[in-house]
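>>> Here is the input, now give the coordinates:
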Amino acid sequence: MLEIKDLHAECDGREILKGINLTINPGEVHALMGPNGSGKSTLSFAIAGHPKYKITGGDILLNGKSILGMPVHERARLGLFLGFQYPQEISGVSISNFLRTALASSGKGVPAVADFYKLLKEKANEFGLSDEILKRGLNNGFSGGEKKRSEVLQLTVLKPKFAILDEPDSGMDVDGLKYVAEGIKKAAAEGTGVLLVTHYNRILSHVKPNFVHVLVDGKIVQSGGPELAVAIESQGYDKIGKTILPFQNHAGFGYVEVSA
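Below you'll find the predicted structure:
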């Protein structure tokens, strides 16, 4: 399991995370929601080991072992995957070469070039990506939606133990969102634990999370099921800690308590 225990983190001397506690088991999907500036991306980068974010307290455990102090590549080898909110463009490194090298580094074994490329083409087509795009530099000239679908393609090929996906729905059209959602569901079904960071409920209508957590000012102030995301979509975050929110879904009306 992935355990985050009383995690505190700062950036440029400013405290952002103020005691996060979260446990993700294999195959579970946890949605993390919250307003801008609440610390969602900071938590993602802190788990991955970004050097800009300084851990000032608490711990991050992977299968009972602390990963604090480990560089990014060692965390990746242990099975952590980070999907970026704004994926970087890397000219001269194709998706196929990137993924083949990543698999070799992970020690999972790599099929022959021809077999791997055939497999990659099949998977790319599942996400609406053309064969031609596999030959281009990683994310180089990709649209926003192609970048996000490319990241989910990487997720399904690398098969990490845990994936932190930072707003995979941002900038996505309806069709692209369905491709991304299907990739996330497939990864979870194959045992990957997922922390899905999002502002909106729309992706959660395609990917039903096991748990929804609300992050406000560096703290998780409420956790619940999918109905919590529906209530937030309807009422916003300003009600958190103040009231009981009504929500409506296919089953009718209901209420979810969101007091901190």
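>>> quick one: buried residues of the host helix or strand of Thr23?
In the assignment (DSSP states H and E), Thr23 maps to strand 14-24. Residues of strand 14-24 classed as buried by neighbour count (16 or more other C-beta atoms under 10 Å): Ile16, Leu17, Lys18, Ile20, Leu22, Ile24. C-beta: built from backbone N, CA, C; applies to glycine.
>>> Show me what it is packed against.
Judged by 3 or more C-beta pairs under 8 Å, 6 or more residues apart in numbering; DSSP states H and E, the packing partners of strand 14-24 are strand 2-11, helix 40-48, strand 54-62, strand 193-197, strand 219-224.
>>> Pull the residues that contact the second one.
I take that to be helix 40-48. With contact meaning C-beta atoms under 8 Å, 6 or more residues apart in numbering, helix 40-48 is reached by 2, 4, 7, 9, 11, 16-17, 20, 32-34, 52-53, 55, 60, 72, 75, 80, 82, 85, 164, 166, 195, 197, 215, 218.
>>> From the centre of this protein, point out the most distant residue.
Largest separation from the mean C-alpha position in the chain: Ala114, at 30.5 Å (C-alpha atoms, centre = their mean).
>>> Now do the host helix or strand of that one: everything it contacts.
Taking DSSP H and E as the criterion, Ala114 maps to helix 113-126. Residues outside helix 113-126 that contact it (C-beta under 8 Å, 6+ apart) are 95-96, 99-100, 110-111, 130-131, 133-134, 153, 156-157, 179, 182-183.
>>> Buried subset of these, written for PyMOL?
Of those, the buried ones go into a single PyMOL selection, burial set by 16+ other C-beta under 10 Å:
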select buried, resi 95+96+99+100+110+133+134+153+156+157+179+182+183
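>>> Tyr237 is in contact with Asp217, isn't it?
No - the pair Tyr237 / Asp217 is not scored as a contact, 10.7 Å apart, by C-beta atoms under 8 Å.
>>> For the two, indicate the residue with more neighbours.
In this comparison of Tyr237 against Asp217, neighbours counted by other C-beta atoms under 10 Å, the higher total goes to Tyr237 at 18 against 13.
>>> ok, so what distance separates the more buried one from Pro209?
Remark: distance between Tyr237 and Pro209 (C-beta to C-beta, to the nearest Å) = 17 Å.
>>> what does Glu190 give?
Per C-beta to C-beta, Glu190 is found 17 Å from Pro209.
>>> neighbour count winner among those two?
More crowded of Glu190 and Pro209, by other C-beta under 10 Å: Pro209, with 25 against 11.
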